[in-house]
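J.: just the structure for this:
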Amino acid sequence: MKSENFIGIISVVFLATGQSMAAPSYDYDEENKVLTISGTGSASNGGYTSATSVLIEDGITSLNQNAFRGTALENVTFAKDSALTSIGQYAFLGTNITSIDIPDTVTSIGGAAFHSSKLKSLTIPDSVTSGNLGCEGCSQLTEVTIGKGVTSLQDRAFKGTALENVTFAKDGALTSIGQYAFQGTNITSIDIPDTVTSIGGAAFHSCSKLTSLYIPDGATIGGNAFAGVKISDLSISATQLENYLKAGGGFLDNPDLVKIKCTSGNCKEILETYGNGKYAAYGARVRYGSVKNGDGSTTYFDDDGNIAYYKGKRIYTIEEANAVTKPQGNIFKLRYK
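T.: Okay, here's the model as predicted:
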């Protein structure tokens with residue numbers, strides 16, 4: 001009886017294992033360099049690394065880690081009724097693909113899946129709820145749309161890309177932006193979703209074209225998150241403004257007019273507190289600018305961060321009543337008698 005039971009157990013394990021070991025099949029058109037992957041289960045390149053196009057049919061449920069890494073792949077097409085649920089780590093790393101329509105059945109994307117590829121645009125479907133959107137080194141990537149299911153952007157997610165536009169789903173679930181996530185990109189503006197509670201260190205470091213920024217009130221901001229940017233249009237709460245100035249933040253590092261929209265609280269009080277030299281000492285280095293307060297009024301400040309107020313065609317600082325304007329277009333620049 002013992003040996004029969006043992007054999008029975010072995011048979012069950014073997015059967016279960018056999019059932020789970022579904023295999024894909026590979027059909028390669030060498031002349032046209034087209035690879036068709038059919039069957040079921042988890043797929044890779046099947047050893048056909050010279051294929052420039054791949055068609056992934058509906059039975060394939062996942063792409064293995066390194067599935068097409070370093071291959072000659074330029075085009076990838078998924079069946080309309082694709083059952084794909086996951087894309088493994090480094091799956092398209094270093095490939096020549098310029099675009100990809102990720103099926104809305106995919107729920108997971110592995111780290112660095114598109115690293116150093118030639119993607120020009122990328123849309124993450126709402127179905128993706130876990131994984132990392134690793135596009136570091138995609139030097140031609142200019143546009144990204146983040147679906148509502150994504151909860152985090154990994155460290156270095158878009159570092160080294162040519163990213164100009166990033167769109168977040170309005171009803172998204174994003175809670176964190178990793179360190180260096182957008183470092184050195186070409187984005188000019190970004191409205192960080194209100195759901196974000198953490199912005200990693202150097203997340204937007206050296207984004208020299210970033211001029212318009214909205215920071216949600218509940219987000220913690222890592223060191224140097226906005227260092228090297230030249231914000232001219234900032235939406236921020238008084239609490240966030242104070243916290244960031246205390247931390248030595250640099251998003252006000254702008255030689256021209258700085259416009260601040262205070263989303264809550266009294267930014268005027270914060271600027272007064274950190275004005276008179278302290279303001280610049282905390283890393284702001286603003287020459288002159290203005291802040292729109294929560295009550296609708298506007299506060300102006302001068303080269304040293306001293307609070308000023310505007311009346312008629314003159315700007316008066318609190319400490320220097322003899323300061324006069326030197327208009328340059330729509331910019332008010334102070335000089336002293």
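
J.: which ones are touching Asn66?
T.: With contact taken as CB atoms under 8 Å, 6 or more residues apart in numbering, Asn66 is in contact with Ser44, Gly88, Gln89, Tyr90, Ala91, Leu93. Every residue, glycine included, has its C-beta placed from N, CA and C.

J.: which SS state does it fall under?
T.: Secondary structure for Asn66, judged by DSSP: H, G, I helix; E, B strand; the rest coil, is coil.

J.: thinking again about what came up before, possible to save the contacts of Asn66 as JSON lines with pLDDT and neighbour count?
T.: Formatted as JSON lines, the contacts of Asn66 follow (pLDDT from 0 to 100; neighbours: other CB atoms under 10 Å):
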{"residue": "Ser44", "pLDDT": "97", "neighbour count": "19"}
{"residue": "Gly88", "pLDDT": "95", "neighbour count": "23"}
{"residue": "Gln89", "pLDDT": "94", "neighbour count": "20"}
{"residue": "Tyr90", "pLDDT": "95", "neighbour count": "22"}
{"residue": "Ala91", "pLDDT": "97", "neighbour count": "26"}
{"residue": "Leu93", "pLDDT": "96", "neighbour count": "21"}
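
J.: just those: which are in strands?
T.: Secondary structure defined by DSSP state E assigns none of these to strands.

J.: quick one: which of those residues is nearest Ser264?
T.: Gln89 (40.9 Å; CB to CB).

J.: how close does the residue nearest to that closest one when sequence neighbours are not counted get to Tyr180?
T.: Nearest-residue entry for Gln89: Gly110, 3.5 Å, with adjacent residues in sequence omitted and distances by CB to CB, 6 or more residues apart in numbering. Look at Gly110 and Tyr180: by CB to CB, to the nearest Å, they are 19 Å apart.

J.: in a helix, that's where Glu269 is, yeah?
T.: Yes. With three-state DSSP as the criterion, Glu269 is located in a helix.

J.: okay, now the closest residue in space to it that isn't next to it in sequence: neighbour count?
T.: Closest residue to Glu269 apart from its sequence neighbours, by CB to CB, 6+ apart: Ala238 at 7.0 Å. Number of residues near Ala238 (other CB atoms under 10 Å) recorded here: 21.

J.: right, and Ala238 touches Ile270 too?
T.: Yes. The pair Ala238 / Ile270 is scored as a contact, 5.2 Å apart, by CB atoms under 8 Å.

J.: rewinding a little: now do the residue nearest to Glu269, the pLDDT please.
T.: As predicted, Ala238 sits at a pLDDT of 81.

J.: verify the stated contact: Ala219 with Gly200.
T.: No. If you go by CB under 8 Å, Ala219 and Gly200 don't touch, sitting 10.5 Å apart.

J.: list residues touching both of these two?
T.: With CB under 8 Å, 6+ apart, Ala219 and Gly200 have no common neighbours.

J.: who's more crowded, those two?
T.: Neighbours were counted for Ala219 and for Gly200 using other CB under 10 Å; Gly200 has more, 25 against 21.

J.: give the contact list for the residue nearest to Gln89.
T.: Shown in contact with Gly110 (CB under 8 Å, 6+ apart): Gln65, Ser86, Ile87, Gly88, Gln89, Tyr90, Ala91, Gly131, Asn132, Gly134.

J.: let's see it at 7 Å
T.: Residues near Gly110 by CB atoms under 7 Å, 6 or more residues apart in numbering: Gln65, Ile87, Gly88, Gln89, Ala91, Gly131, Asn132.

J.: same question for Val106.
T.: Leu84, Thr85, Ser86, Ile87, Pro125, Ser127, Val128.

J.: who's the third one bridged to?
T.: Yep, that's Ser86 we're talking about. Ser62, Ser108 (DSSP bridges).

J.: look up how far Asp217 lies from Phe68.
T.: Taking CB to CB, one finds Phe68 at 42 Å from Asp217.

J.: between those two, tell me which one has more neighbours.
T.: Comparing Phe68 with Asp217 by other CB under 10 Å, the one with more neighbours is Phe68, at 27 against 13.

J.: wait, the more buried one sits on Asn45?
T.: Yes. Between Phe68 and Asn45 there is a contact at 5.3 Å, judged by CB atoms under 7 Å.

J.: for the chain, which segments are assigned as helices?
T.: Assigned by DSSP state H, the helices in the chain fall at 2-20, 238-246, 267-273, 278-281.

J.: coming back round to it: now render the contacts of Gly110 as CSV, adding distance to Ala173.
T.: As requested, the contacts of Gly110 are exported to CSV (distance: CB to CB, whole Å):
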residue, distance to Ala173
Gln65, 26
Ile87, 19
Gly88, 23
Gln89, 22
Ala91, 23
Gly131, 13
Asn132, 15
